[in-house]
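Asker: structure of the sequence below:
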Amino acid sequence: MVNLTERLAALSAEIAEEQTQLRILDEQLTFQAEVADDARIRALVSETPLADRESRTAADDLQRLERSRSESLRRVAELRAEQDALLERMLAESPNPR
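Answerer: Here you go, the predicted model:
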């Protein structure tokens, strides 16, 4: 039971850390979406190779951030599933008070 309790505490800390990471990624995504949109518009207006490259780079950065956010969401879901399984196991192992 002690190992379960310790693992639950560790899971809670990991979930909190991952949620903090998600908040940071959300802020970065908002900023990068604006950067990518501005770069795309500049590329359309200026029609220069440099502006096109900057637009592609900004779009690639945005995609990387989106993948990071998806991975972080997947990790939170895995951690919560493990947490739920441990809680169920803990309940099953606890003596029934009557």
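Asker: backbone phi and psi for Glu47, please?
Answerer: Main-chain dihedrals, Glu47, degrees, to the nearest 10: phi 50, psi 40.
Asker: give me the neighbour count for it.
Answerer: 9 (other CB atoms under 10 Å). No exception for glycine: its C-beta is placed from N, CA and C like everyone else's.
Asker: so what's it scoring on pLDDT?
Answerer: The confidence metric pLDDT takes the value 91 at Glu47.
Asker: that one and Ile41, how far apart?
Answerer: 12 Å (CB to CB, to the nearest Å).
Asker: helix, strand, or coil at Pro95?
Answerer: Here Pro95 takes the coil state, with states given by DSSP: H, G, I helix; E, B strand; the rest coil.
Asker: neighbours of Val45, how many?
Answerer: Using other CB under 10 Å: Val45 sits among 9 other residues.
Asker: now the residue nearest to it when sequence neighbours are not counted: which helix or strand?
Answerer: Spatially, and ignoring its direct neighbours in sequence, Val45 is nearest to Ala51 (7.9 Å; CB to CB, 6 or more residues apart in numbering). Element membership for Ala51 (DSSP states H and E) is helix 49-93.
Asker: off-centre distance for that helix?
Answerer: Averaging C-alpha positions (CA atoms, centre = their mean, to the nearest Å) puts helix 49-93 4 Å from its chain's average.
Asker: just stretch 27-42 next, same as before
Answerer: With CA atoms, centre = their mean as the basis, stretch 27-42 stands 19 Å off its chain's centre.
Asker: is it true that Gln28 touches Leu65?
Answerer: Yes - the pair Gln28 / Leu65 is scored as a contact, 5.5 Å apart, by CB atoms under 8 Å.
Asker: the more surrounded of these two?
Answerer: The residue with more neighbours, out of Gln28 and Leu65, is Leu65; 19 against 15, by other CB under 10 Å.
Asker: contacting residues around that one?
Answerer: Counting by CB atoms under 8 Å, 6 or more residues apart in numbering, Leu65 touches 25, 28-29, 32.
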